[in-house]
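Participant: What shape does this take:
(2 chains)
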Amino acid sequence: MALDQRLSTAPDPVETDRVQMGPRALARRWWRALTSMRTALVLLFLLALAAVPGSLLPQRSLSQGKVSAYYAAHPQLAPILDRLGAFAVFSSPWFAAIYLLLFVSLIGCIVPRTRMHLRVLRQPPPPAPSRLTRLPQSDTVESTLRPAAAADGIERALRRGRWRVARSTTGEVVELAAEKGYLREVGNLAFHAALVVLLAGVAIGKLVGYEGSILVEEGGGFCNSLQQYDTYRNGPLVQGGDLTPLCADLTRFSVDYEANLTPSKFLAQIRYTRQPGGPVTSYPLEVNSPLRVDGIRLYLTGHGFSPRFTIRYPDGSQFTDLSAPFLPQDATTLASTGALKLPDRPNADPGAPQLAIEGFFAPTAADLGDRRLVSVDPRPMNPAVAIVVYQGSIGLDSGAPQNVFQLDPQQIQRGALKRVDAANLLVGQSLTLPDGTTISFDGYKQWAALQVSHDPAQWSVLGAAVTALLGLMCSLGVRRRRVWVRLRPALQRTGDPGAGSVARPRTVIDVGGLARADSGRFGGEFEALVAGLPKTRRILEDTTRSGATFPAERT
Amino acid sequence: MVDSSLASVSDSAYTFSIVIYTLAVAAFAFEYAFGRTGRIARTSTAHRAALEGGISLATEVTTGVSRAERLGRAGLAATVLGAVLQIVSLALRAAATGRVPWGNMFEFACAVVLVVVLSWLWLVRSAPQLRHLGIFVLIPVVSILVYAGLELYAAAAPLVPALRSYWLVIHVISAVIASGMFLFSGLLAGLYLVRHRYDRSLVDDRPASRPVTALAPRLPTAAVLDSLSYRVVAFAFPIWTFAVMAGAIWAESAWGRFWGWDPKETWALIAWLVYAGYLHARATAGWKGTKAASVNLVGAFAMTFNFLIINLVVSGLHSYAGLT
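Facilitator: Okay, here's the model as predicted:
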């Protein structure tokens, strides 16, 4: 984690002849190895590498359908990959092992460093090295003030420049040790600590958060309860009764299109209440603009059409306003497929054949002439359906979950569902089956796919991320640097001939500077600092040339 | 609505920028082959050791203006002109479509290339003696622009609803800047590796391969290249972090979660981890130098993979390529 100035953290060299090692010593050795920078680096790269299969192989969390397709395409390989967790990489134990080890290593690194930095913050800057001229940056100036007086001015100037300054006096010699850029390490530690908080926030969100999605037709609605959702995922700590009460109805759904028929705006007009019988509020739900209420968020995630049918049985009983959501197969024309399953029928024996329809819906239909229906426009300008009608047993009693958008192909294969008729219908047209049942196509409704999400920890994740970013900027942008100033009395010469014209220097000031990180521009800063030292001047010709003004050690 | 006449002027500006950059490549190639800059690197081992200690950018002062020098200056001027043309091209796209000019892969690639060129010009402004390295920047630049024009081109068009958000401005511009600077740093890291191999061959007294001996002597010292590529990453890394964060905030309001392991998100994280590793590697004994530079190149690969393969081959939520 350290970007610089890290002490060596390599594990102690192991003495091969020392076989006996107590468990504590062993544990310490392992701990030091784990928290070393090299281990952290390897874990960092391992984590990056481990994420790769999660992006290239289909993942259950993103699309169960793609995982099934992969199974079908690679029947030999897929079960092996599955056992390795390759279809759920990001929740697999080995992925978790890598990032947990990385974070343990990170904590093991930042805790002692935080302690160390707190100590550093309480300590004065370290005293000046004996030879300032040996430092990467150094310069010498002089002043006509006495050392103590000159040091006062320089110390004030440094403090004004937000340097931390420590002063020491030995005889007449005054030394100033100044340091700045502590924010670098503060930012570095804040960045890494914030990453830990971020991970904790993500974990808490997974434990106590939930999300559910549901298809809602115009005029329909739902309430926030797990039973109502088509699919949901809830954290282990979420109880069904914990869900925030919210009920919402979809009053209208609309899409605006550009001239080239790409959509420009999806709008789901909803009305919601926060408690049954409470006040009703309207909200225009759009992509990028979820409804946020009481810690839950309601999103618009998709849309499509539900064709409407009326079915009249020969005995006179009928179903009116039946509709089933069809799933768009083509985003540009919204050609959709779906199924309508009618397990029950009014006033009929339990053993009577069930009716099921599989269909294709075209918002704007064009008949190619061969009775094949195609959709040519996503806007519902000439809606039509192509239906295939089955009778028999739909197979819902078996208890196995069925795909609502299609009939169970096994029921058809084994002859339990028999195809009885097929037709293409425009709005208002109907099909009469051999047994006298009529199916009329009445039009369509639009449906919207809505998603409800709840993650109480996401604000802490955001806060941690912002802290991490600020810390990172300090850690990479601030340089830690030190400046030392040593003020010595200049040797006085007797009978100085130039004394009348120029004030005699009384103090020689050595300045040295050291930047502790990658320091592109410290040289410039140092020069400016030296030039700005108050009441000093460049050393005049005669004093620099003649060694007599300098103590012998300087030469 | 798209103003097609503005869009076609934009396309012309794009084409001209390629032509101008290509002329700059020719000028820089001449300067690199016949110019005198960089010859300092050929001096003695002692001199080299002295240079490696610090990161001074100083090179030999040339006297008089040779033909190579004049061509080098012309190349630089052409680079500036090419960048201006690119800016004009993107600005006209924005005007034609009434949106920010980074809404599909073609525009994204053009914007990233512009960032590379601007980073380079900014570097040359503060260190004019590095001008002759322009050839190593502009060859990739021209290649990417030509590839983008041939394979990624998408006519000026409005955005799909999911992209209509002010986060498009914030998230994508930061991704563009970080990508361009990472790419630029990767170029410097590649040059560092060439220079390092050459230096090793001098120290070990065994000849390096032909391209290395031909190119390396005029490169700045390894320490300079290493420091420059580090500083570029150190600048770009917080920007990339911000880009990922802004993406997460946008995803929270567009897709219902701030992080969902969409392939694009995953590779953004992979690149982030690799560059984080690079920053650490540069300060870790045993990883400094060539290993760190290789990590930098792996990062550039991850960014490129995320842009090309994830958009074109792997399907995900970030399917904004604008290609059919």
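Participant: Output the below-cut-off pLDDT ranges for chain B.
Facilitator: Across chain B, the ranges flagged by pLDDT under 70 are B:1, B:36-65, B:315-324.
Participant: And the helices in it, which stretches?
Facilitator: Taking DSSP state H, the helices of chain B run over residues B:4-34, B:45-53, B:67-97, B:105-126, B:134-147, B:166-167, B:173-204, B:210-215, B:222-254, B:263-281, B:290-312.
Participant: Next one: A:A324 relative to B:I239, how far apart?
Facilitator: 49 Å (CB to CB, to the nearest Å). The C-beta positions use only the backbone N, C-alpha and C, and glycine is treated the same way.
Participant: what helix or strand does A:R297 sit in?
Facilitator: Secondary structure assignment for A:R297, by DSSP states H and E: strand A:296-312.
Participant: Mind listing what's buried along that strand?
Facilitator: Counting neighbours by 16 or more other CB atoms under 10 Å in any protein chain shown, one finds that the buried residues in strand A:296-312 are A:296-300, A:302-309, A:311-312.
Participant: Am I right that A:I387 sits in a helix?
Facilitator: No: the assignment for A:I387, made by DSSP: H, G, I helix; E, B strand; the rest coil, is strand rather than a helix.
Participant: ok, now which ones touch it?
Facilitator: Counting by CB atoms under 8 Å, 6 or more residues apart in numbering or on different chains, A:I387 touches A:I357, A:E358, A:G359, A:F360, A:A422, A:A423, A:N424, A:L425, A:L431, A:I439, A:F441.
Participant: Could you give the bridge partners of the fourth one?
Facilitator: This points to A:F360. A:T337, A:A386 (DSSP bridges).
Participant: do the same with the fifth one
Facilitator: On DSSP bridges, the residues paired with A:A422 through beta bridges are A:V388.
Participant: wait, what's in contact with B:R200?
Facilitator: Counting by CB under 8 Å, 6+ apart, B:R200 has contacts B:A208.
Participant: Quick check: the gap between A:V67 and B:L159.
Facilitator: A:V67 is 31 Å from B:L159, by CB to CB.
Participant: One more: A:P346?
Facilitator: Distance, A:P346 to B:L159, by CB to CB: 50 Å.
Participant: Among those two, which residue is more densely surrounded?
Facilitator: Between A:P346 and B:L159, counting by other CB atoms under 10 Å in any protein chain shown, B:L159 is the more crowded of the two (20 against 10).
Participant: what about A:L491, helix or strand, and which?
Facilitator: Here A:L491 is assigned to no helix or strand, by DSSP H and E.
Participant: wait, A:A178
Facilitator: Secondary structure assignment for A:A178, by DSSP H and E: strand A:173-180.
Participant: Those residues of the stretch 51-200 of chain A touching chain B, which are they?
Facilitator: A:A51, A:V52, A:G54, A:S55, A:L56, A:Q59, A:S61, A:L62, A:F90 (CB under 8 Å from any CB of the partner chain).
Participant: how about 10 Å then?
Facilitator: A:51-59, A:61-63, A:66, A:88-91, A:102, A:136, A:191, A:195 (CB under 10 Å from any CB of the partner chain).
Participant: Mind checking which of the residues you listed are in helices?
Facilitator: Using DSSP H, the members of those that fall within helices are A:A51, A:V52, A:P53, A:G54, A:S55, A:L56, A:K66, A:L102, A:F191, A:L195.
Participant: Residue 99: neighbour count?
Facilitator: Picking chain A for this. Neighbours around A:Y99, by other CB under 10 Å: 18.
Participant: you looked at the wrong chain, it should be chain B
Facilitator: 20.
Participant: Run through the residues that contact the closest residue to it other than its chain neighbours.
Facilitator: Once flanking residues are discounted, B:R99 sits nearest to B:L159: 5.7 Å by CB to CB, 6 or more residues apart in numbering or on different chains. B:L159 sits next to A:258, A:262, A:264, B:97-100, B:103-104, B:165, B:168, B:320, B:322 when contact means CB atoms under 10 Å, 6 or more residues apart in numbering or on different chains.
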